[in-house]
Structure formats: C-alpha cells, structure tokens
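Undergrad: Okay, predicted coordinates and the sequence, questions at the end:
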There are 2 protein chains.
Amino acid sequence: MEYRLADRMAGARGSIIRDLLKLAGEPGMISFGGGSPAPESFPVAEIRRSAEEILMKKPAAMLQYGISEGYPPLRESLKAHLSKTEGISFEDNEVLILSGGQQCADLTAKLFVNLGGTVIVEDPSFVGCMNAFRSYGGKLLGVKMQEDGVDLEKLEVAFARPQVSFFYLIPTFQNPSGYTTSLEKRRAIYRLAIKYDVLIFEDNPYGELRFEGEHVPTIKSMDEDGRVIYAGSFSKTMAPGLRVGFLVFHKDLFNKFKIAKQGTDVHSSTLYQHVCHEFLTSPAYEKHIAASCALYREKSRLMYDEMKKCFHPAVRFSRPQGGLFQMVWFPEGTDAMPFVQEALKRKVITVPGSAFTTDPDQPSNGVRLNFSLPSQEQIVAGVRILGDLTHEMLKG
Amino acid sequence: MEYRLADRMAGARGSIIRDLLKLAGEPGMISFGGGSPAPESFPVAEIRRSAEEILMKKPAAMLQYGISEGYPPLRESLKAHLSKTEGISFEDNEVLILSGGQQCADLTAKLFVNLGGTVIVEDPSFVGCMNAFRSYGGKLLGVKMQEDGVDLEKLEVAFARPQVSFFYLIPTFQNPSGYTTSLEKRRAIYRLAIKYDVLIFEDNPYGELRFEGEHVPTIKSMDEDGRVIYAGSFSKTMAPGLRVGFLVFHKDLFNKFKIAKQGTDVHSSTLYQHVCHEFLTSPAYEKHIAASCALYREKSRLMYDEMKKCFHPAVRFSRPQGGLFQMVWFPEGTDAMPFVQEALKRKVITVPGSAFTTDPDQPSNGVRLNFSLPSQEQIVAGVRILGDLTHEMLKG
C-alpha cells in the first residue's frame, strides 16, 4: 500500500554518524567518528557485581513492571549528587529518569515542539538532538558558536522571533565543537531568556569529564523561575549501554513529563537504574570519574600534540578542557567534505561539520574528531594520515 | 514561567491503572487491577545466568552503544520464531526491536498520527496504547467489541471516514475484554482495510499465552500488501522489566522506523536483547511458555469458577481462553464505577471499563479483572468480596 506518514516525519533524518560507524568495524579502520566513551573506562566489575547481586536478591522487583518516574533510590541519590556537584536546588525542581540523553531530548521535544515551531540551537550542535527536534516537526535555527559560547547578539535576534519552542545548548565541552560557554555568557543567556520569555534546554552529558581548567556553574544552578530544563546521562560517565539518563525541571512540569514517559515506554530498565544508584552512592564513583578524566586528558593531549606536529598550520583548533571531542577548522570558505571523504579512503573516519548544522547540505569548514574511543596508537597513526592530507589539500 | 506546551499534549492522559497500582502495595490489598504477568512465571534463573555469562564474556559489547535496529542475533531468532509460530513471512517484512510493546505503539503513532488524525480502536481497548495515540494529537474513534471481535458494520462506517491514521486492534485475548477475534472477522477486517485503504496495527502481546481452544492465525499472516504493522513483546512471555518488544512491518517502512527509534532513545538494552535471544532459541522456551499457560489456566479457571459461585446472576462474563484478563459486565445501563469504588474500600482493586473507552468520562457497565498477578488465595478471597458486592448492588 501507499503509506501516508504524519507530517512531522517529513523533517525526520537519520544520523550520518551512525551510518559512518558501521564502517568503523572494518579491519584496519581508525575511527575518530563516533561519540562513544572508551570501553576501557567502563566500570565493568562494579556493574556486573551490582547487577548479579540484585538479580539474586530481588529478581521479581527487577523484572516486573517498574515506576514511570524512575527507580526511587536513584531519583534520591541523583538529587543529592546534582545538588552537590552542579548546585541544583530541588526545592522547586524534580528529577525524572529516562532512557539515556537521547530520550531527554525526545520527550522535551514532544512536550514543547509544535509542527513548524522554532527550536534555536548552537551552530554547530549535536546531530542526535537536532534529529529529535526535527522528528516533531521543529524548524531549527542555528546561532553561531564562538569559543566562549554562542554569539549573544545573534542569539537575541533569534530569541525575538515568535513561536520559539526552546533554546537547546550544551554549555560544557560542547558536542561537536568541544567549546565551553563562559560563566558571563551563561548569565547573559539566562537574562536574555527571561527578557524574551524563552525556555532553555541545557544538556550536560560531559560536564563531569573535566580534565583541565575550572568548573563553570550550570545555567540550571542560576534558574530562579523554572525556565531551564536540564538533561544529564550516565552514558559518558558509566556506560552508554545502560541507557540511563535524567531530566531535571520545575515540579510544575512533573506530571506532563511523567505522562509522556509512561506513554512512550512505561519505564526505563530497573536493573540498570539500580546499578547506577549503587555506583553513584559508592566511594568508587569519584575514583572512577577521576580515572576517566585522566584517561581522556592523556588521549586528548596526545591528539592535540600530534595535530600540532602534523597538521598544516592553516588548520585551526584549540585544546579541549574536557569531554570527548575536538573540532578542527579549515580556512574560512573551505568545504571540509573532500577531506572527510579522502580520509575515509585512507581508513580514518572523521565527521564533517556540516552534519552538525541546521542544513547539512550546506558546506562547512569544520571536522569533528573523537579522542575517547581510539587507542593511543590509533590516535598517533590516524592524526599522521590526517596531517598528510591537510598538507596535500592546502598546498595549492 | 508560563509553559507553552505543544498542541499535541492537550490530549495527553495518564493511566488511571498506574495510579490504582500505587494502592496495590498497601497491606491487605488484593489487586485484580494491574496488567502484570505473574512474577512466579519469570524465568529468573535463565535470565540471571544468561546476563551474568554475557557480562563476563563480552562486557564492552553489552555496555557500549548498540544498534538502533536491534541486536542482530535477536532480530534473526525472532524472524525464525514468528515464521514458525505466527506464519509471518519475512520475504517482504522486517523486524525492529523496541523497548516493550508500549514503544511499538508510540513509534507507530509518531510515524502515522497527525494532530487531529483519527485512530480507530476497539471499544473497549488498551488504555496504554490509546494514551500513546492521544499524545500525538490523535482523535480516538471506538468501534464496539462483540465476543468474536469488533462489529463489522460499525467498523465499515469508521473506515469510510477521511484521515484515518490506522485501526488498532488486539485480536487475541484482548485487553481489557479477554475476547478473541474470530478467523472470519480477521479476514473480513483485512478485506475492509483494503477496500477503504486503511492501515492495520495489530498488537499481539498475549498470543502465546493460550491455555484453551485453538490457535487463530494473525492478521499479519494474511497480509499481502504491507498493510499490517504487527507488534509483539517479551513482557508477558518472559518479564516486563526486560523492556523488549518488537514491530514487524513491510521493509519499505524500515528506514523511517529506524530513524524514529534512533531519535527516540538510540537503542534498546543490548544485554536484555541478548537474554531474550538466548532464551528464545533454547529448548527451555517452549517449556516455559507451557508452564506459564498452565499457571494462567489454573488461575483463570479458579477466578471464573468462583465468580460463577459468588456473583449475582445478572453479571455477565465469559471464560477466557488465554491472556491475563477477564471482563465482567453489569446489566446494560449500569454504571460500574460505584462498584469499583466500593470494592476499593473493601481492599479489592479492579478497573472500571470506562478507563478503556475513548471517553473515560462516560459511564461503562464493564469491569476488568486481572487473574495473572494475584495468588490463588487472593483470587478466592477477592472474588468473594466482589461477589457480595454484586448482590448488594443489584438487589434493589
């Protein structure tokens, strides 16, 4: 039969990255393409012990239907953790456990994005969340990123538009750019949001993975009128396969979000929520985060130092202070796509900056590199191949 | 701030059942309210062994990001299983693994339900799926159920309407009625769907739990033009906490569904998909299903026999041949709500039929009883309390 899809699906897109990742399994391939954390960082022994123990002690509770708002012990330990680490108050806020950061974006879009509504995003921004917004019929409006966060003048112009669903940003170790929005800009963004009555959707999956520099407070910690919806995840701090993320928002929104979660998939894995709760409340958690940060510091510096040595000097990049990504920029006006394609032929996977923009058909001079997943040997070998390529491409 | 929710959320509703279930934990409460399978039926040892073994052997594969379309071994074993048990051909069909039956309904609605679009449902029907359809702005149109399936004349009138997104039905051991649509009606429904070019969404979470009578072929097994989207789940055959369900549809829809899944929550639990795959392909599976059916046969017959003894003769009910539910009907024109409320005071939880209709504010003469979760002692004690109440209420 001829299928008549809902109008919202006209804008739905798949992720070019997940398509690229299928190549990553081919022999000899070096992947700087994914957004996956290092598997050697996964706290495997703790996850296994915790899962085994609770499946032994309380199998029925783990395997029966669970609670839509989330496993109560995890909701409590998360509140304590987020109060301490991110300065978020739970006097007026609530936490809802969801299936990873992606579902946080999906349900926030479901609640707030009308067909044809405007979603303001950083340019570039994370393709997975942009796709979630697109899948509800949202029109994306990008605001150029600078090293210290979005261009505020352009943001104000965007905020002044009618029918803005929300402003989505990743203020800390942004994906794909690796940039961190400064404290001054965070304050200014919040003030602008009040002035134009715009909702803020702050995504912070990488915040705990700081391996250099000083902590910058979340926008949610400044929130006085319930204007900020905050998303976090255990995907990068523990393991993505757990599919445990969470949203924090004003308690007035609790019932709507809970209903949305219930109607979407009833509840997230109780077993893995228990595992996250146990790990988060154990002394092993802090040590684990410190070890992950040390690992990523080493990989990131190695990538940066090798790029300094091997890349053509016209290619710009800065040194990340945390997270999983490093972006490099060809001279203004260059289309980076031929570079990405030629690199792929030479068995190095990178992602073109265009994938992270509101119109992926427009060329971008940026390329995203992931340093968390490849081994040190792969980083050295891959950067050399990319470095040679920058020289070949920019020699003319 | 004043939140401006998306238009679709105006129709979103929570489940009265999940609210009732919060009472189920109170001491002395007998719950016939839920839709949960019997925890004593969960194959706990197999699940634990399988989970432990794979977390030992392949921790990184289980804990890293997985594939949006589902764990490949499970997709293959499901195809073999569904070919064998349900006569579904995979020449033109594909299978997508999702997080439980609820996500099957959610993504099907996301793909096909426009704001204001009509979704035709059986009356009564499963509230969880109706809520999923409502949450995309779908308008529900109910078609009265008879013991052998929907009223075909009324269905034809409904099919003739414009802008029908799809017809949602649970042909086997329907929730809440317990009714099974006859083979003749299944064929007639498929023919009518062709005539009016309507998509069919066939939900079959209980099909394997037949404890009496003969297997009736699925509508999907008759599908010749990709008109039927078929949903199944491991929630009732293994355990709901696994959150593993699946959709079968024509391969032309694969990419759209995959993109929708990717944007919603990236992928379902790889660990639990592995557990389902191992169990489904082991000789233990068939024995387990037989044991579950024996357990439910015993509970269902006990409930039926006790009702025959204790209920006022004006209350109608038939004997289920499978599944988890039994519906009872007060005389036409009676509102069953006072019965449900008084039963709750006497510590027996039941669900009013109105919860399963397209307009829950209209009275219904039906009451849904679940026989899978309560123990045999609870069934006997609970039915006596309900029986006394039927006599009190109908004596006037």
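TA: Nice, thanks for sending it over.
Undergrad: Please make it C-alpha for all contacts and neighbour counts, starting now.
TA: OK.
Undergrad: so which residue of the stretch 101-250 of chain A comes closest to chain B?
TA: residue A:241 (4.0 Å; CA to the nearest CA).
Undergrad: Spit out the contact partners of the nearest residue to that residue once chain neighbours are set aside.
TA: Nearest residue to residue A:241, sequence neighbours excluded (CA to CA, 6 or more residues apart in numbering or on different chains): residue B:63, at 4.0 Å. Under the criterion of CA atoms under 8 Å, 6 or more residues apart in numbering or on different chains, the contact list for residue B:63 reads A:39, A:42, A:239-242, B:270-271.
Undergrad: burial of the residue nearest to residue A:238 when sequence neighbours are not counted, as a residue count?
TA: Nearest residue to residue A:238, sequence neighbours excluded (CA to CA, 6+ apart): residue A:42, at 5.7 Å. A count of neighbours around residue A:42, defined by other CA atoms under 10 Å in any protein chain shown, yields 22.
Undergrad: Doesn't residue A:26 lie inside a strand?
TA: No: using DSSP: H, G, I helix; E, B strand; the rest coil, the assignment for residue A:26 is coil, not a strand.
Undergrad: ok, back up a step: go through the contacts of residue B:63 and name the one nearest residue B:166.
TA: residue B:270 (30.6 Å; CA to CA).
Undergrad: Can you get me a residue count around that closest one?
TA: Residue B:270 has 24 nearby residues by other CA under 10 Å.
Undergrad: Retrieve the pLDDT associated with it.
TA: You'll see residue B:270 listed with a pLDDT of 97.
Undergrad: any idea how far it lies from chain A?
TA: 7 Å (CA to the nearest CA, to the nearest Å).
Undergrad: which one is that residue nearest to, not counting chain neighbours?
TA: Closest to residue B:270 by CA to CA, 6+ apart is residue B:62, at 5.6 Å.
Undergrad: One more: residue A:177?
TA: Excluding the flanking residues, the one nearest residue A:177 by CA to CA, 6+ apart is residue A:327, at 5.1 Å.
Undergrad: any idea of the mean pLDDT in stretch A:188-195?
TA: 98.
Undergrad: hmm, I was thinking of stretch A:82-89
TA: Mean predicted confidence for stretch A:82-89 is 96.
Undergrad: For it, list every residue counted as buried.
TA: Across stretch A:82-89, burial judged by 16 or more other CA atoms under 10 Å in any protein chain shown covers A:82, A:86-89.
Undergrad: what sits up against it?
TA: Residues outside stretch A:82-89 that contact it (CA under 8 Å, 6+ apart) are A:90, A:217-218, A:220-221.
Undergrad: Just the ones in helices from the buried residues of stretch A:82-89, please.
TA: Here DSSP state H is the test, and the buried residues of stretch A:82-89 give A:82, A:86 as lying in helices.
Undergrad: can you put the buried residues of stretch A:82-89 in JSON lines and add distance to residue B:294?
TA: Listed next are the buried residues of stretch A:82-89 as JSON lines, based on distance: CA to CA, whole Å:
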{"residue": "A:82", "distance to residue B:294": "48"}
{"residue": "A:86", "distance to residue B:294": "53"}
{"residue": "A:87", "distance to residue B:294": "55"}
{"residue": "A:88", "distance to residue B:294": "52"}
{"residue": "A:89", "distance to residue B:294": "52"}
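Undergrad: quick one: the strands in the stretch 201-350 of chain A?
TA: A:228-233, A:245-250, A:325-329, A:348-349 (DSSP state E, counting those that start in this stretch).
Undergrad: Equivalent analysis for the stretch 1-150 of chain A, please.
TA: Counting by DSSP E, counting those that start in this stretch, the strands of the stretch 1-150 of chain A are A:30-31, A:93-98, A:118-123, A:139-146, A:149-150.
Undergrad: wait, which of these is closest to residue B:132?
TA: Of the strands of the stretch 1-150 of chain A, nearest to residue B:132 by CA to CA is strand A:93-98, at 16.8 Å.
Undergrad: pLDDT score for whatever residue of the stretch 51-200 of chain A ends up closest to chain B?
TA: For the stretch 51-200 of chain A and chain B, the shortest gap (CA to the nearest CA) falls at residue A:63, measuring 4.0 Å. On pLDDT, residue A:63 comes in at 97.
Undergrad: now swap in residue A:26 and tell me
TA: You'll see residue A:26 listed with a pLDDT of 83.
Undergrad: do the one 4 residues further on as well
TA: The per-residue pLDDT reported for residue A:30 equals 95.
Undergrad: wait, it sits on residue A:376?
TA: No: the criterion here is CA atoms under 8 Å, and residue A:30 misses it with residue A:376 at 11.1 Å.
Undergrad: For those two, work out which one has more neighbours and name it.
TA: Neighbour totals were compared for residue A:30 and residue A:376, and residue A:30 leads with 26 against 16 (other CA under 10 Å).
Undergrad: Give the closest residue to the more buried one in space, chain neighbours not counted.
TA: residue A:348 (4.8 Å).
Undergrad: give me the number of residues near that neighbour?
TA: Neighbours around residue A:348, by other CA under 10 Å: 24.
Undergrad: likewise residue A:58?
TA: Other residues close to residue A:58 by other CA under 10 Å number 11.
Undergrad: Now do the same for it: its pLDDT.
TA: 97.
Undergrad: Could you do residue A:396 as well?
TA: 62.
Undergrad: one step back: list the beta-bridge partners for the residue nearest to residue A:177.
TA: Beta-bridge pairing for residue A:327 (DSSP bridges): residue A:368.
Undergrad: gap between it and chain B?
TA: The value you get for residue A:327 to chain B, if CA to the nearest CA is used, is 22 Å.
Undergrad: That residue and residue B:368: what is the separation?
TA: 58 Å (CA to CA, to the nearest Å).
Undergrad: Pick out whichever of these two has more residues nearby.
TA: Taking other CA under 10 Å, residue A:327 and residue B:368 do not tie; residue B:368 has more neighbours (27 against 22).
Undergrad: Tell me the bridge partners for residue A:150.
TA: Assigned bridge partners for residue A:150, using DSSP bridges, are residue A:145.
Undergrad: what's around it, how many residues?
TA: 26.
Undergrad: again with residue A:295
TA: Count around residue A:295 with other CA under 10 Å applied: 16.
Undergrad: cool, and residue A:346?
TA: Around residue A:346 there are 16 other residues, counting by other CA under 10 Å.
Undergrad: from what I can see it touches residue A:384, true?
TA: No: in this structure, residue A:346 is not within contact of residue A:384 by CA under 8 Å, at 11.1 Å.
Undergrad: in stretch A:3-13, what's buried?
TA: Of all the residues in stretch A:3-13, those buried under the rule 16+ other CA under 10 Å are A:5-9, A:11-13.
Undergrad: Residues contacting that stretch, please?
TA: Outside stretch A:3-13, the residues touching it (CA under 8 Å, 6+ apart) are A:115, A:131-132, A:134-138, B:110-114, B:259-260.
Undergrad: redo that, cut-off 6 Å
TA: A:131, A:134-137, B:111-114 (CA atoms under 6 Å, 6 or more residues apart in numbering or on different chains).
Undergrad: What about these, which are in helices?
TA: Members of those lying in helices (criterion: DSSP H): A:131, A:134, B:111-112.
Undergrad: would you list the residues you listed in TSV and tack on pLDDT?
TA: Putting the ones in helices among the contacts of stretch A:3-13 into TSV (pLDDT from 0 to 100) gives the following:
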residue	pLDDT
A:131	95
A:134	95
B:111	98
B:112	98
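Undergrad: quick one, phi/psi of residue A:359?
TA: Here is the backbone geometry of residue A:359 (degrees, to the nearest 10): phi -130, psi 90.
Undergrad: and it, how far is that from residue A:127?
TA: Taking CA to CA, one finds residue A:359 at 11 Å from residue A:127.
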